[in-house]
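Peer 1: Need coordinates for the below:
(4 chains)
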Protein chains: 4
Amino acid sequence: MKVLFTGFEPFGGESTNPSAVAVEQICLLPPPTGVQWQALILPVEFRRSATLMQSCISSWQPDLVLCIGQAGGRPQISLEQVAINLLEARIPDNSGWQPSGEPIIATGPAAYFSTLPLKAIRQQLQHNGIPVNISYTAGTYVCNALMYQLLHHLSAMSSCRGGFIHIPYTPEQAAGKPDAASMSVAVVVQALLEIVRCCQQYSEDIAAVGGTLD
Amino acid sequence: MKVLFTGFEPFGGESTNPSAVAVEQICLLPPPTGVQWQALILPVEFRRSATLMQSCISSWQPDLVLCIGQAGGRPQISLEQVAINLLEARIPDNSGWQPSGEPIIATGPAAYFSTLPLKAIRQQLQHNGIPVNISYTAGTYVCNALMYQLLHHLSAMSSCRGGFIHIPYTPEQAAGKPDAASMSVAVVVQALLEIVRCCQQYSEDIAAVGGTLD
Amino acid sequence: MKVLFTGFEPFGGESTNPSAVAVEQICLLPPPTGVQWQALILPVEFRRSATLMQSCISSWQPDLVLCIGQAGGRPQISLEQVAINLLEARIPDNSGWQPSGEPIIATGPAAYFSTLPLKAIRQQLQHNGIPVNISYTAGTYVCNALMYQLLHHLSAMSSCRGGFIHIPYTPEQAAGKPDAASMSVAVVVQALLEIVRCCQQYSEDIAAVGGTLD
Amino acid sequence: MKVLFTGFEPFGGESTNPSAVAVEQICLLPPPTGVQWQALILPVEFRRSATLMQSCISSWQPDLVLCIGQAGGRPQISLEQVAINLLEARIPDNSGWQPSGEPIIATGPAAYFSTLPLKAIRQQLQHNGIPVNISYTAGTYVCNALMYQLLHHLSAMSSCRGGFIHIPYTPEQAAGKPDAASMSVAVVVQALLEIVRCCQQYSEDIAAVGGTLD
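Peer 2: Now for the predicted structure:
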């Protein structure tokens, strides 16, 4: 199983992005038996992030694509269930583009669902003592747009699964902010390892109660 | 302009539902010039709520459908941008059904976007001193399912707009819970009135910066 | 029973202060039988707020002093249990003074407890459907300092009770802030009325479970 | 410098207490030059926790006492500024005692302030990338009571400093709870080490802006 991790460059005034740190760290570890992995660091740009990722997918032909991004303030690993076809940038992306109220792909569907076994992953992380939830919004910024474009791209392919995972600030990032939750990169790396193992083990998701009332 | 409001019966152990109270109260007021309105109280059931609403739409032929629901814990009026094709019930609905991981409509698209002028409404409510945001998840329970089924139904019609609006607990509900935000019904009723006025005034939404990073 | 309410002028960039609005509104209502009330609006200044309040107490000789202040972001009426002998100003007060790490009264005790029947008030507000809690920190700004100086002043008097009550933003204030909780002034005024009634009825507090683990 | 750490046994349905884990782990490390340290694990009981600690202080004669406790839900290291003379137990302690509205020490002052250099510690932790704040309430449960009794005990001694530090859930604890913040024990242990170093370096606290408005 060939696994492509993507992480992002810093944005929003930060000097680091935990997603880049985590995917680079995990790729320094020996992968589980039967797994090859590589990490790709993407710019926080609506268009170029997807183009670079798609090039890598085309050339390397991964079986699994795990896009990782920072969700500043969230206290747990967030498994994104859905990406929506909407560009709504509260701040400009790193190329200076600030789209508002536009579709990501004009002819695309309103949304795509993650093709990862999210409930199996949630169960596995909880069993390993890692805070995790399934999230029903990936926002409307570059993370959501990358997830949407990934799933749009994969929808035309037969056998590659993919999804997006939001991770908290590192303790170092949170140290300068009032009341911000954080997670050590070591915990994030362990989470990513468990996610890869889960995707090896589960071709179909498990059944489990979940959801949010609102 | 004929306006159909829907509210919900109580659920989750509550004895009231502010959405029912608010839509019944506004329909006791004289509507703005050119507007007729009526309120329909729906059961908190995935299927029957939509069936009852669709019957009312078919018979009364409204121009605007505003579905209202309680979002316990949110501090502001939440204008829902999108409904997703997913049933994921953390608790059973009031008929005892607890679907998990199923689509709402097996042949339906992954999501529908609200057809209300959300940014115009947000601006109008803020100008009137009413806390408001645009939300990118309506959850995965009956509220999301009703919104999805509404927009699916309206997608086959030419001229009726619709969407979903989440409202906070009332102060009475919040009084028994630790640290729960609330909003007086009078403020909610004023918000609904402004939303109707906005929909009269704006056939197209305005441009405005917004969105969430994650 | 003579009741002195105090409220504050706006601070921190706000154009209103809900505490001033609420205490002025309640004093326009007819007081309960046996009650006289008046409102005093104080500057958001560590020293002058207390001096003005103490002058008013000396001249009018109230039996009950209820100091009210804005706690932006809190979702409920907060009955303050304790004021601490510490000046720690995150921003300058409205006179430009920004003390840090100093005692309020150099020879004073480390803290004073409210002399209001807080648990009786909490029960009464909850019975009336008003969100309320007992809080164990009034912060370290002018609100805490006024409460401390009030209780220091009253400690030398035999029969006047007093305390501090934090109230949320108004909806109008919260409308311009992301995710801020609010409470309508009408609800706050009703809360103040119930607090006065409670203080008439209870010379001693009731017994009730409460507290916070941390 | 002899440093006594105290941690607590589990309570409130938890099977571990991160404060016990952290203080035991740090005492397995070689202390900084000039420092001796030991850890004492205390029962979550209002009276016996203090008695055991005081015995250890009397026999070992530490120069610094750092009491550590779990603050479930807080995202950062919390340096407690003040302990109040109040027992208000939301749940019984581990001996089954649930006091309410009583003083800890009937003849004691209303509060004691920490004698640790809190602003220096805050600065040091932030410089080391560890999320931290100064807190103005240690709650009303066993943590506050231990801190109060520690400072009461130390107030009669000339040269021993002491205070209380709240720490977050571990990731393992947070994994079973919705939306709970956490901190890895390794980060907590690093924080405790920096706190000891700070107390070695600073006999007086530094000046720095801080505080909370409410």
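Peer 1: pretty sure A:Arg5 is touching A:Leu66, no?
Peer 2: Let me fix one detail, which is that residue A:5 is Phe and not Arg. Yes. Judged on C-beta atoms under 8 Å, A:Phe5 makes contact with A:Leu66 at a distance of 5.2 Å. No exception for glycine: its C-beta is placed from N, CA and C like everyone else's.
Peer 1: Quick check: neighbours shared by the two?
Peer 2: Common neighbours of A:Phe5 and A:Leu66 (criterion: C-beta atoms under 8 Å, 6 or more residues apart in numbering or on different chains): A:Leu192.
Peer 1: Pull up the gap between A:Leu193 and A:Val185, please.
Peer 2: Taking C-beta to C-beta, to the nearest Å as the measure, A:Leu193 and A:Val185 are separated by 13 Å.
Peer 1: scratch that, A:Leu125 is what I was asking about
Peer 2: With C-beta to C-beta as the criterion, A:Leu125 and A:Val185 are 16 Å apart.
Peer 1: Tell me the residue in chain A that is farthest from the middle.
Peer 2: A:Pro178 (25.3 Å; C-alpha atoms, centre = their mean).
Peer 1: That one: what's its closest spatial neighbour, skipping adjacent residues?
Peer 2: D:Asn133 (7.0 Å; C-beta to C-beta, 6 or more residues apart in numbering or on different chains).
Peer 1: can you give me the strands in chain A?
Peer 2: A:2-8, A:36-42, A:64-70, A:77-80, A:82-84, A:87-88, A:100-102, A:111-113, A:132-135, A:161-167 (DSSP state E).
Peer 1: Show me what the first one pairs with in its sheet, parallel or antiparallel.
Peer 2: It refers to strand A:2-8. The pairing partners recorded for strand A:2-8 under DSSP bridges are strand A:36-42 (parallel), strand A:64-70 (parallel).
Peer 1: How about the shortest one?
Peer 2: Within its sheet, and counting by DSSP bridges, strand A:87-88 is paired with strand A:100-102 (antiparallel).
Peer 1: ok, and what's touching the strand it pairs with?
Peer 2: By C-beta under 8 Å, 6+ apart, strand A:100-102 touches A:Leu86, A:Leu87, A:Glu88, A:Ala89, B:Lys119, B:Asp205, B:Ala207, B:Ala208, B:Val209, B:Gly210, B:Gly211.
Peer 1: Can you flag the buried ones in the residues you listed?
Peer 2: A:Leu86, A:Leu87, A:Glu88, A:Ala89, B:Lys119, B:Asp205, B:Gly210, B:Gly211 (16 or more other C-beta atoms under 10 Å in any protein chain shown).
Peer 1: Would you point out the most distant pair within the residues you listed?
Peer 2: A:Ala89 and B:Asp205 (16.5 Å; C-beta to C-beta).
Peer 1: for chain A, which helix is longest?
Peer 2: Of all the segments of type helix in chain A, defined by DSSP state H, the longest one is helix A:185-201.
Peer 1: and that one, does that touch chain B?
Peer 2: No. Helix A:185-201 stays clear of chain B (C-beta under 8 Å from any C-beta of the partner chain), getting no nearer than 15.1 Å.
Peer 1: Can you list the buried residues in that helix?
Peer 2: A:185, A:187-196, A:198-200.
Peer 1: Same question for stretch A:120-129.
Peer 2: A:Ala120, A:Ile121, A:Arg122, A:Gln123, A:Gln124, A:Leu125, A:Asn128, A:Gly129.
Peer 1: A:Lys177 is in contact with A:Pro171, isn't it?
Peer 2: No. Between A:Lys177 and A:Pro171 there is no contact, the gap being 11.0 Å when judged by C-beta under 8 Å.
Peer 1: Common neighbours of the two, please.
Peer 2: D:Pro131.
Peer 1: What distance do you get for A:Lys119 to chain D?
Peer 2: 15 Å (C-beta to the nearest C-beta, to the nearest Å).
Peer 1: ditto for A:Glu9
Peer 2: Applying C-beta to the nearest C-beta to A:Glu9 and chain D gives a distance of 20 Å.
Peer 1: before we move on, back to that, tell me what the residue nearest to A:Pro178 is bridged to.
Peer 2: Beta bridges link D:Asn133 to D:Ser78 when assigned by DSSP bridges.
Peer 1: Count the residues that sit near the residue lying closest to A:Ala20 once chain neighbours are set aside.
Peer 2: Excluding its sequence neighbours, the residue lying closest to A:Ala20 (C-beta to C-beta, 6+ apart) is A:Gly7, at 3.8 Å. The tally of other residues near A:Gly7 (other C-beta atoms under 10 Å in any protein chain shown) stands at 25.
Peer 1: ok, what's across the strand from A:Gly7?
Peer 2: A:Ile41.
Peer 1: returning to what we had before: what is the burial count for the residue nearest to A:Pro178?
Peer 2: 20.
Peer 1: Identify the residues contacting it.
Peer 2: D:Asn133 sits in contact with A:Pro178, A:Asp179, D:Gln76, D:Ile77, D:Ser78, D:Leu79, D:Arg122, where contact means C-beta under 8 Å, 6+ apart.
Peer 1: residues touching the third one, list them.
Peer 2: Looking back up the chat, that one is D:Gln76. A:Ala174, A:Asp179, A:Ala180, D:Ile130, D:Pro131, D:Val132, D:Asn133, D:Pro168, D:Met183.
Peer 1: One more pass at 7 Å, please.
Peer 2: Neighbour list for D:Gln76: D:Pro131, D:Val132, D:Asn133, D:Pro168 [criterion: C-beta atoms under 7 Å, 6 or more residues apart in numbering or on different chains].
Peer 1: Of those residues, which is the most crowded?
Peer 2: Ranking the contacts of D:Gln76 using other C-beta under 10 Å puts D:Pro131 first, with 30 neighbours.
Peer 1: Touching, that residue and A:Ala174? I think so.
Peer 2: Yes. Between D:Pro131 and A:Ala174 a contact is recorded at 4.3 Å, counting by C-beta atoms under 7 Å.
Peer 1: intersection of neighbour lists for these two?
Peer 2: A:Ala180, A:Ser182.
Peer 1: Next, format the strands of chain A as TSV and append mean pLDDT.
Peer 2: Formatted as TSV, the strands of chain A follow (pLDDT from 0 to 100):
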stretch	mean pLDDT
strand A:2-8	98
strand A:36-42	98
strand A:64-70	98
strand A:77-80	98
strand A:82-84	98
strand A:87-88	98
strand A:100-102	97
strand A:111-113	98
strand A:132-135	98
strand A:161-167	98
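Peer 1: what does chain A have sitting close to chain B?
Peer 2: A:12, A:71, A:74, A:82, A:84, A:88-90, A:100-101, A:109-113, A:136-141, A:143, A:166, A:207, A:209-214 (C-beta under 7 Å from any C-beta of the partner chain).
Peer 1: Please list the residues of chain A that sit near chain D.
Peer 2: Residues of chain A lying near chain D by C-beta under 7 Å from any C-beta: A:75, A:126, A:129-133, A:171-172, A:174-176, A:178-182, A:184, A:187.
Peer 1: mind listing which of these are in helices?
Peer 2: Counting by DSSP H, the residues of chain A next to chain D place A:Gln126, A:Pro171, A:Glu172, A:Ala174, A:Val187 in helices.
Peer 1: just to revisit the earlier point, now, the contacts of strand A:100-102 that are in helices?
Peer 2: Using DSSP H, the contacts of strand A:100-102 in helices are B:Lys119.
Peer 1: Need the max-distance pair from the contacts of strand A:100-102.
Peer 2: A:Ala89 and B:Asp205 (16.5 Å).
Peer 1: Quick check: the residue nearest to A:Ala20 vs A:Val23, distance?
Peer 2: 4 Å.
Peer 1: Same question for A:Tyr202.
Peer 2: 21 Å.
Peer 1: higher neighbour count, those two?
Peer 2: A:Val23 (26 against 17).
Peer 1: residue ranges with poor pLDDT in chain A?
Peer 2: Applying pLDDT under 70 to chain A flags no residue at all.
Peer 1: Pull up the overlap in contacts between A:Gly7 and A:Val23.
Peer 2: A:Ala39, A:Ile68.
Peer 1: Pull the number of nearby residues for A:His152.
Peer 2: 19.
Peer 1: which residues touch the closest residue in space to A:Gly211 that isn't next to it in sequence?
Peer 2: Counting by C-beta to C-beta, 6+ apart, the nearest residue to A:Gly211 once its immediate chain neighbours are dropped is B:Glu88, at 3.3 Å. Going by C-beta under 7 Å, 6+ apart, B:Glu88 touches A:Gly210, A:Gly211, B:Ser100, B:Gly101, B:Thr140.
Peer 1: Cool, thanks, signing off.
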